[in-house]
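**Q** structure for this input, please:
(chains A, B, C and D)
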2 protein chains.
Amino acid sequence: MRPERPRAVTINDVAALAKVSIATASKALNGRGQVRAETRDRVFAAARELSFQPNPLARSLVTGQTRTVGLLTSDSVGRFGIPVMLGAEDAFGSGETAVLLCDARGDAFREQHYLRTLLARRVDGLIVVGESTDPRPSISRDLPIPVVYAYAPSDDPADVSFVPDDVTGSGDAVRHLIALGRRRIAHVTGPTHYTAARERAEGALGALEAAGLPLSGGQVVYGVWSQRWGRHAAEIVLNADPDVDAVFCGSDQIAAGLIEAARERGRRVPDDIAVVGYDNWEVLSQETRPPLTTMDMNLELLGRTAAQHLFAAIEGRATSGVHRMPCRLVIRDSAAPPALQ
Amino acid sequence: MRPERPRAVTINDVAALAKVSIATASKALNGRGQVRAETRDRVFAAARELSFQPNPLARSLVTGQTRTVGLLTSDSVGRFGIPVMLGAEDAFGSGETAVLLCDARGDAFREQHYLRTLLARRVDGLIVVGESTDPRPSISRDLPIPVVYAYAPSDDPADVSFVPDDVTGSGDAVRHLIALGRRRIAHVTGPTHYTAARERAEGALGALEAAGLPLSGGQVVYGVWSQRWGRHAAEIVLNADPDVDAVFCGSDQIAAGLIEAARERGRRVPDDIAVVGYDNWEVLSQETRPPLTTMDMNLELLGRTAAQHLFAAIEGRATSGVHRMPCRLVIRDSAAPPALQ
DNA sequence: CGCATTTGCGAAAACCTTTTCCTTCTGGGC
DNA sequence: GCCCAGAAGGAAAAGGTTTTCGCAAATGCG
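**A** Numbers count the residues shown, from 1 in each chain, chains lettered A, B, ... in the order given. Presented below is the predicted three-dimensional model:
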């Protein structure tokens, strides 16, 4: 048999050692009520001597606050949810709030199940992190606790969501290419049914239009989010406009494939064609030849920010609406100003 | 202000509605004690009508079990810890046990902090998942709760750890190459100071020796875990033995780089050189040209198994020692029997 | 000095459930 | 008819903390 867990030290022991009542001990330790400085010190000394740790279950039972939040991820095998999740965990972990991890794996039924158990466990709040930036169904309706959405926004505008600002990010990427002197810029990206693909195209086209430049090839080259597609798209882009001098890609995978194929067709990157990716997925962006200039969505920061807003909401200062968080261009050799090349 | 949370329905309400005492209600709901079938049904009906959910805090306070385990990851930004973590979460989530996520980010001090808060929260057990297969310091000493280690084993043999069986896995990889008729097999891998690199080399050399074959190039080519190194290693391997007909790589990243460089030097994969990787990191292994035959460590299963053993330990059936979990060869075109090519 | 106010502290309730007795009741055996 | 066993259910304690309320002492004010 497992050895009996030693009886934990309770506030009773502390009170006895400090020769006060448990009420006074509690007040002293929590800085509440009226308690003389000398008494308070005695209580603290006793608590330290016994290395007292208040039982959070008992505390929660009476206060109704568990200092626990649920982290509900819809599909965390994907690589975008993870950093968001970790950022959120970091924000909570530095406080005294613990994180209950639930991975629904994209299954709405499982999500409901987790939601119920989280509510049964009386979590103080909920953070829902999605796998893509497509809006997802709200779960906040009739919930007695606050919820924030990260990466994938809620479809209910009354909720509060944090998503990367892909439109501005893509605009910045294209403006960077323009600033480098490129004038024939193409855009290769993923499937149209992804919000991310549409918004990135929107940002790219907006920046081109503002600069009075046409899109090389005349239209956005939609496809899938894979390296293989990037290789194939290289042909399309080069055939459509042999003089193309830059490609903005909707993902690093696409960019990696495109760079590879362009090399094989004898185009030098970045001399002949500058390439900018999206995601800053370092395992790819640092391994392409040359290393990839790419847009980083600051996902950890996004997760942390979402967590902080959840805190605020738990304390009664709720916000709402979709907040777009800035992205950051990471400049490497595939599209760099001359000084850096 | 946030609306007051509606007073939750308690077992008192259920008991009142069923016209029994709370003791009887509790016994009926938990199937304990002597309760007439008719009474039990009445209690259940009342509970369902009020949609009663027992307060887990109150329950834990009296039973001493929180139905909660801590998941302590040392560095989950890495890609190996994640699947293990998800596998564990899955195993717990399907029961009634919740998972408290703590990411220590490789910081021993932070790990100690999390350990303290988890103990303060009275978790029933702990699962420690590491980032590499190198042994890590045990934290089980003097802990009142069971601990299992996943991916990174504990350095204390009295603990229980679950790690991939890299020696056998690598042996299988090389035996697969031998079965394909390859006779000049090289091995390129990561840094010697990684247990993973050493064990994989050990398994590969053992399989070669058993088959009476020499190692192409005469020695294991140690380096780093990157695609760039894989490209560089291709030169080394081809220079050392221009007739090399297979390379077993210690990671998919190395394999991806090696395939790329071999292509550029005019070697056909798999006709001239068969390549086997390790990890089955699908974003790479499916995108190489040709797709990569590689060893999958079944990390989710590993995490699930570790979680199940933690359950057993919580119930008093503890085990110990390092358990090596089997790996599984995923055959794709880079090293396939003729029928599949 | 007398009264009102503040300060310091303790008793007890409250949070919600499980579990340990204890009582009552039912039926069977003699 | 009596006794006993077992079944059914209830009262109350236990688990550890916070918080309310009340009491007594100390202090301030006139």
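**Q** only C-alpha atoms for contact and neighbour calcs from this point on.
**A** Will do.
**Q** for the residue in the stretch 151-300 of chain A positioned nearest to DNA strand C, grab the count of nearby residues.
**A** At 27.7 Å from DNA strand C, A:Asp159 is the closest residue in the stretch 151-300 of chain A, using CA to the nearest atom of the strand. A:Asp159 has 21 neighbouring residues, counting by other CA atoms under 10 Å in any protein chain shown.
**Q** do you have the strands of chain A handy? List them.
**A** Here chain A has its strands, by DSSP state E, at A:68-73, A:98-103, A:125-129, A:147-150, A:160-164, A:185-189, A:221-222, A:246-249, A:274-278, A:293-296, A:321-325, A:328-330.
**Q** can you tell me the closest non-neighbouring residue to the spatially most central residue of chain A?
**A** Centroid check for chain A by CA atoms, centre = their mean gives A:Val84 as the closest residue, at 2.7 Å. Closest residue to A:Val84 apart from its sequence neighbours, by CA to CA, 6 or more residues apart in numbering or on different chains: A:Gly303 at 4.2 Å.
**Q** need the contact list for that neighbour.
**A** Residues near A:Gly303 by CA atoms under 8 Å, 6 or more residues apart in numbering or on different chains: A:Pro83, A:Val84, A:Met85, A:Leu86, A:Gly87, A:Ala88, A:Ala150.
**Q** which residues sit in contact with the second one?
**A** Spelled out, that is A:Val84. Residues in contact with A:Val84 (CA under 8 Å, 6+ apart) are A:Val129, A:Ala150, A:Tyr151, A:Leu299, A:Glu300, A:Leu301, A:Leu302, A:Gly303, A:Arg304.
**Q** so which of the residues you listed wins on neighbours?
**A** Counting neighbours by other CA under 10 Å, A:Ala150 comes out on top of the contacts of A:Val84 with 33 neighbours.
**Q** contact partners for that one?
**A** Neighbours of A:Ala150 in contact, by CA under 8 Å, 6+ apart: A:Val84, A:Ile127, A:Val128, A:Val129, A:Gly130, A:Ser161, A:Phe162, A:Val163, A:Leu302, A:Gly303, A:Ala306.
**Q** is the closest residue to chain B within the stretch 1-150 of chain A bridged to anything, and to what?
**A** Relative to chain B, the nearest point of the stretch 1-150 of chain A is A:Leu100 (4.7 Å; CA to the nearest CA). Under the criterion DSSP bridges, A:Leu100 forms beta bridges with A:Gly70, B:Leu100.
**Q** likewise for A:Cys249?
**A** With DSSP bridges as the rule, A:Cys249 is bridged to A:Val188.
**Q** you'd agree it is up against A:Ile185?
**A** No: using CA atoms under 8 Å as the test, A:Cys249 is too far from A:Ile185 to be in contact (10.4 Å).
**Q** more neighbours: which of the two?
**A** Higher neighbour count among A:Cys249 and A:Ile185: A:Cys249, with 30 against 27, using other CA under 10 Å.
**Q** and that one, how far from A:Ala158?
**A** Here the criterion is CA to CA, to the nearest Å. By it, A:Cys249 lies 33 Å from A:Ala158.
**Q** now A:Glu111
**A** Note on A:Glu111: its distance to A:Ala158, by CA to CA, is 21 Å.
**Q** what do you get for A:Arg263?
**A** Distance, A:Arg263 to A:Ala158, by CA to CA: 49 Å.
**Q** ok, now A:Tyr194?
**A** Distance of A:Tyr194 to A:Ala158, given as CA to CA: 23 Å.
**Q** go on, A:Ala98?
**A** Separation of A:Ala98 from A:Ala158 (CA to CA) stands at 26 Å.
**Q** neighbour count: the two, which is higher?
**A** A:Ala98 (25 against 14).
**Q** average model confidence for stretch A:208-216?
**A** Mean pLDDT, stretch A:208-216: 97.
**Q** any weak-confidence spans in the stretch 51-200 of chain A?
**A** A:76-78 (pLDDT under 70).
**Q** up against DNA strand D, what does it have?
**A** Taking CA under 7 Å from any atom of the strand as the criterion, the stretch 51-200 of chain A approaches DNA strand D at residues A:Gln53, A:Pro54, A:Asn55, A:Pro56, A:Ala58, A:Arg59, A:Leu61, A:Val62, A:Thr63.
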